[in-house]
Each structure stands twice: as structure tokens, then as C-alpha cells.
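Asks: Predicted model, plus sequence, below.
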Amino acid sequence: MTTITPTTKSSHRGTGTTATRVIGLLATVMCAWLVVFGLILSPADRDQGDAVRIMYVHVPSVWLAYLAFIVTAAGSAIHLFGRRHSLQADRVAGASAEIGVVFMGVTLVSGMLWGRITWGVYWQWDARLTTTALLFVSYIGYLAVRNLDGTREQLARRSAIVGLLAVLEIPLVHWSVKLWRSLHQEATVLGTDLDVSLDGLMLFSLFVGVVAFTLVFVWLLLHRARTMAVVDLAAQRRLDDALIARRREGGN
Amino acid sequence: MAVNEPNLQPREASNSARNRRRVLPMVVLALVFVAGGVIITQALSTAVDYYCNVDEVGLRSGCDEGRRLRLQGTVGEDSVVVTTSATLFDIEFNGAVVQVEYEGEPGGIFRECLPVVVHGVFDAQSSVFLGDRVEVKHSEEYVAVNDDRLSEAESAACTPAT
Amino acid sequence: MSNAGFIIGSYVLTFGAIIGFALRTIRLGRKLADDLDDSEKPWL
């Protein structure tokens, strides 16, 4: 008679937990809302027509890219200046930068499509676009620095310094339309006069976009940082195994 | 050597996969520096076309009639004339008006009362601005298409949005 | 909808990029974390 031994498989597959499942579900629902409000329910703009619908993905994605890079800077600061030089903070910084680069790429591409419709050109070397492209490239550089050769601590330290320097570009990008004359419109919601120049349903669609992408960001950040923790754990294990192996050799 | 003392002599790497993988970040980093340089050079070389508002022509330093300019203004009401080979229109800013002749049809959402940026040079004789590129500069104001109150009021006045 | 190709294209690219990154993260996380016991996962 054969008995089937029940497998003690974890109820937590991969890097998921109940919290990430709830956040993931909410993010999916909000993204679906964003599509419905952005593409169907919100009105067309008087001047831009339907092209304004690109705003609901373009603006939230650039805000989330900024947020992601600020989280990277915060994680970098905690790693660099904290007493424990926390590697967890470094992992959060790295995970956030990866997500930020994705959102920044999305911002650039959606912006180019929007520009083609409204300005008539995909790209223009003006202040806002140029500084944004530089910011994007800087964080690709940051990710490259994270993958250079070196010990785990060296890499964390180097990338923390880059993460703290690169974040200084964000104010330059945001205020570039004020500092230099630019083809790009000024900020609609986060302008200096705190006066929102946006129709009600348009503003609501933008709000849905921001909430949706924020949830997506939190969900991705949790999963990516956890994956990085497992990678570090595996590297530590390999090191431990190698040490044990050498001790054995020494014993022969 | 004492028993159980690990042999800490460095050894030959058993495979070069790890080393090969580390080359990629270096290549990416090099490309990042090149891309950064290209972006800055491109931005600076395009900035050679001086960015001027219509009312600054001949007044602001750099906004001279003899050089290539990027001229910003609002397309004048009822000023757009489309001929077989060119589009003629006025651009206005702060009371000053410049006539523009653009070879072809401007792209984007080009129409009257919208702020535009025209790249080009002034014709020495006629003082018409010969544009070779027109970009529509959309303002940061968004108004629903069916919002009659606002759209009628604003389009009647044809107020520049800048 | 005018310029539908550009507008829908921007949504497709946006969500495509996000979903692509999410799938890559989840797959890698599963591949690595499924070898661990729950007690070894620092987030549990």
C-alpha cells in the first residue's frame, strides 16, 4: 500500500504575501478604471481633441518616475549614512530605480506620441525634453553601476552615491519649463500658482491614473526588493558553501 | 597547516561566465556617457536658433532680424491663408505682429488662436518670416470640448494662452 | 476618436511595459524564492 505524503508546500508562492495580493488586485482594478476613464468617459479637449487622453498615462508615469527616484535617493541615504549601512535600504533603492526607469521610458514614449499629435514633431531638443532624457539616461547609468564588479558592500556604497547625485536632476527637469523657454507646456496641476486648470472629469481621470500607478509602483517595489533579497541570500549561501568546502579540503 | 584551516590561496576561476557578465554593465555605462554627451550637444546646437517672442524681434539681444530664430507667438485670428505651395499666417505676441510664410502645411493641431513656435529667418526685403518648421505649443489649460460656456467665451476673444 | 493609433498606442505601450516588467519580476521571484522555506523568507 502506498501512502501519499502531503507536500508541505508553502502557501506563499514566490515573493507574494496577502498584502501584495491585495495591492495587486487594487492596482489591476484601478488600471482598468484608468483605461475606461482615460479612453472613454473623459471628454476630448477643445484644442487638442482626443490627444489629451495621452495625458492620463503620461503625467502619472512621470510623477511615479520622480517618486521612484526620490525613494532611490532615500534608500541610498539610509544605506550610506545609517549606522548599520542597511543592505535592505540598498535593495529598496535599486528596486525603485528599476521601476523608475520603466516609468520614465513610458513617459518619454507616450510624450513623443503626444508631441507628434499636438506639436507636430516627435522630439524637440528643448529644455524639458532634454533634461528628461538626461534623467532617464542617468538612471540607466545608476543601474549599470549596481551591476559592476565588486563586493556587495562596495556596490551598495557606490550606487548610493550615484543615487544621491542623480536625484538632484529632478528639480531641474520640473522647473526647466520655467527656467528656459520651452515648447512643453507648464505643469497643469503642480504649477507654482496652485491653481488647477483642468476640467472636472479630466482631473478625475488624471487622479485615477495617479492612484493606479502608485499602487502598481508599491506592488512592484515589494516584489522586486524581495527578489533582490533572495538573490543576496543565495549569494551568501554560495559563499558559505564555498567556505565549508575549503574547510573540508583543509581537513584532508 | 593546521587541521580544518581553510586554504585561502587564490585560485583560477573555474568559468569565465561571471567575468563576461560584468563586461555588460561597463559597456552600458560607456554608452550612458556617450548618450549624455550626444543629448547635451544636440540641445546646445539646436539652441543656436534663438528663442524669441514676436515683440522682442530687434529689441532683445540675440533676437536680430538677420539670424535664424525660433519665434513664438499666437496665430492671428482669420490670418491663416493656405495656398497651393505655402501657408501664410500672422503670429502675435504682446501687440506685436509678424507675417509668416511656411512652405507646406503645419502639422500638429495648428489653427488660429493657438500659440506656436516657428523656426526660420526673416526675408531681408519683405520682412516676412520664412518658416521651415512650425510647432504648436499647447498651453497647460485643458477645457472639455463640450464646455460651451468657456469655449465660446475664449474663442470669441481669441486670447493668446501664453 | 481622432489619432486613435497614437492614443491607443500610448496606452498599449504603457501597460505593455508595466506588465512586462511585472511578469519578469514575478517569474524571477518564483524561480528563486520557491526553493526557500517560509522561515528563510525575510519578508514573512
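Replies: Arrived safely.
Asks: all strands of chain C, in order?
Replies: Counting by DSSP state E, chain C has no strands to list.
Asks: That one against chain A: which residues are in contact?
Replies: Counting by C-beta under 8 Å from any C-beta of the partner chain, the residues of chain C lying close to chain A are C:1-4, C:6-11, C:13-15, C:17-18, C:21-22, C:25-26, C:28-30, C:32-34, C:36-38, C:40-44. For the C-beta atoms, the positions are set from N, CA and C on the backbone; glycine is no exception.
Asks: Mind listing what's buried along stretch A:133-153?
Replies: Neighbour counts over stretch A:133-153 (16 or more other C-beta atoms under 10 Å in any protein chain shown) mark A:133-148 as buried.
Asks: before we move on, back to that, any of the residues of chain C next to chain A buried? List them.
Replies: C:3, C:6-11, C:13-15, C:17-18, C:21-22, C:25-26, C:28-29, C:32-33, C:36, C:41, C:43.
Asks: So which of the residues you listed sit within helices?
Replies: C:6-11, C:13-15, C:17-18, C:21-22, C:25-26, C:28-29, C:32-33 (DSSP state H).
Asks: quick check, the helix or strand where B:Gly37 lies touching chain C?
Replies: Of the helices and strands defined by DSSP states H and E, B:Gly37 is found in helix B:17-46. No - Helix B:17-46 lies out of reach of chain C by C-beta under 8 Å from any C-beta, never closer than 15.5 Å.
Asks: and the angle for the helix or strand A:Leu222 falls within with helix C:4-33?
Replies: Assigning secondary structure by DSSP H and E places A:Leu222 in helix A:200-251. Note on geometry: by axes from the mean of the first three to the mean of the last three C-alpha atoms, to 10 degrees, helix A:200-251 and helix C:4-33 are set 30 degrees apart in direction.
Asks: Now find how far off-centre helix A:200-251 is within its chain.
Replies: The chain centroid and the centroid of helix A:200-251 are separated by 13 Å, computed with C-alpha atoms, centre = their mean, to the nearest Å.
Asks: what's that helix packed up against?
Replies: For helix A:200-251, the elements it packs on are helix A:18-36, helix A:55-81, helix A:87-118, helix C:4-33, judged by 3 or more C-beta pairs under 8 Å, 6 or more residues apart in numbering or on different chains; DSSP states H and E.
Asks: quick check: mean pLDDT across it?
Replies: Within the predicted structure, the mean pLDDT of helix A:200-251 is 90.
Asks: any idea of the angle that helix forms with helix A:87-118?
Replies: Using the same axes, to 10 degrees, the direction of helix A:200-251 lies 140 degrees away from that of helix A:87-118.
Asks: The helix holding B:Gly37 and chain A in contact?
Replies: Yes - remark: helix B:17-46 sits within contact range of chain A at B:22, B:24-26, B:28-29, B:32-33, B:35-36, B:39-40, B:42-43, B:45-46, by C-beta under 8 Å from any C-beta.
Asks: Please compute how far whichever helix or strand comes after that helix lies from its chain's middle.
Replies: Stepping forward along the backbone from helix B:17-46, the first helix or strand reached (DSSP H and E) is strand B:50-53. Mean-position distance between strand B:50-53 and its chain equals 12 Å (C-alpha atoms, centre = their mean).
Asks: what number of residues lie near the closest residue to chain C within chain B?
Replies: Of the residues in chain B, the one nearest chain C is B:Ile109, at a distance of 9.6 Å by C-beta to the nearest C-beta. Neighbouring residues of B:Ile109 were enumerated by other C-beta atoms under 10 Å in any protein chain shown; the total is 19.
Asks: related to what we said a few turns ago, need the worst-confidence member of the residues of helix B:17-46 next to chain A.
Replies: For those, the least confidently modelled position is B:Thr46, at 69, judged by pLDDT.
Asks: So what touches stretch B:97-108?
Replies: Contacts with stretch B:97-108, where a contact means C-beta atoms under 8 Å, 6 or more residues apart in numbering or on different chains, come from A:116-121, B:54, B:57, B:71, B:73, B:76, B:82, B:85-92, B:116, B:118, B:120, B:123, B:127-132, B:134-136.
Asks: got it, and stretch A:199-218?
Replies: The list of residues contacting stretch A:199-218 from outside it, by C-beta under 8 Å, 6+ apart, reads A:23, A:26-27, A:30-31, A:33-34, A:37-38, A:41-43, A:45, A:52, A:55-57, A:59-61, A:63-64, A:67-68, A:99, A:103, A:189, A:196, A:198, B:142-144, B:147, C:18, C:22.
Asks: List the buried residues of that stretch.
Replies: Taking 16+ other C-beta under 10 Å as the basis for neighbour counts, the residues of stretch A:199-218 that come out buried are A:199, A:202-203, A:205-218.
Asks: tell me the phi and psi of A:Thr15?
Replies: phi -100, psi 20 (degrees, to the nearest 10).
Asks: correct me, but it touches A:Met228?
Replies: No - with contact taken as C-beta atoms under 8 Å, A:Thr15 and A:Met228 are classed as non-touching, separated by 9.7 Å.
Asks: OK, contacts around the residue of chain B closest to chain C?
Replies: For B:Ile109, the residues meeting the contact criterion (C-beta under 8 Å, 6+ apart) are A:Asp47, A:Gln48, A:Gly49, A:Ala51, A:Ile117, A:Thr118, B:Val136, B:His138.
Asks: Chain C next: which of the residues you listed are close?
Replies: Of the entries in the contacts of B:Ile109, the ones placed beside chain C under the rule of C-beta under 8 Å from any C-beta are A:Gly49, A:Ala51, A:Ile117.
Asks: In a strand, B:Val100, correct?
Replies: Yes - judged by DSSP: H, G, I helix; E, B strand; the rest coil, B:Val100 forms part of a strand.
Asks: so where do the helices sit in chain B?
Replies: According to DSSP H, the helices that chain B contains are B:17-46, B:148-157.
Asks: Do I have it right that C:Leu28 meets A:His223?
Replies: No - because the distance of 9.2 Å does not satisfy C-beta under 8 Å, C:Leu28 is recorded as not touching A:His223.
Asks: which ones are touching the residue of chain C positioned farthest from its centre?
Replies: Here chain C has its C-alpha centre computed as a mean, and the residue farthest from that point, by C-alpha atoms, centre = their mean, is C:Ser2 with 30.5 Å. For C:Ser2, the residues meeting the contact criterion (C-beta under 8 Å, 6+ apart) are A:Gly49, A:Asp50, A:Ala51.
Asks: who touches the spatially closest residue to B:Leu24 that is not a sequence neighbour in this structure?
Replies: Nearest-residue entry for B:Leu24: A:Asn147, 7.3 Å, with adjacent residues in sequence omitted and distances by C-beta to C-beta, 6 or more residues apart in numbering or on different chains. Counting by C-beta under 8 Å, 6+ apart, A:Asn147 makes contact with A:Leu155, B:Arg22, B:Leu24, B:Pro25.
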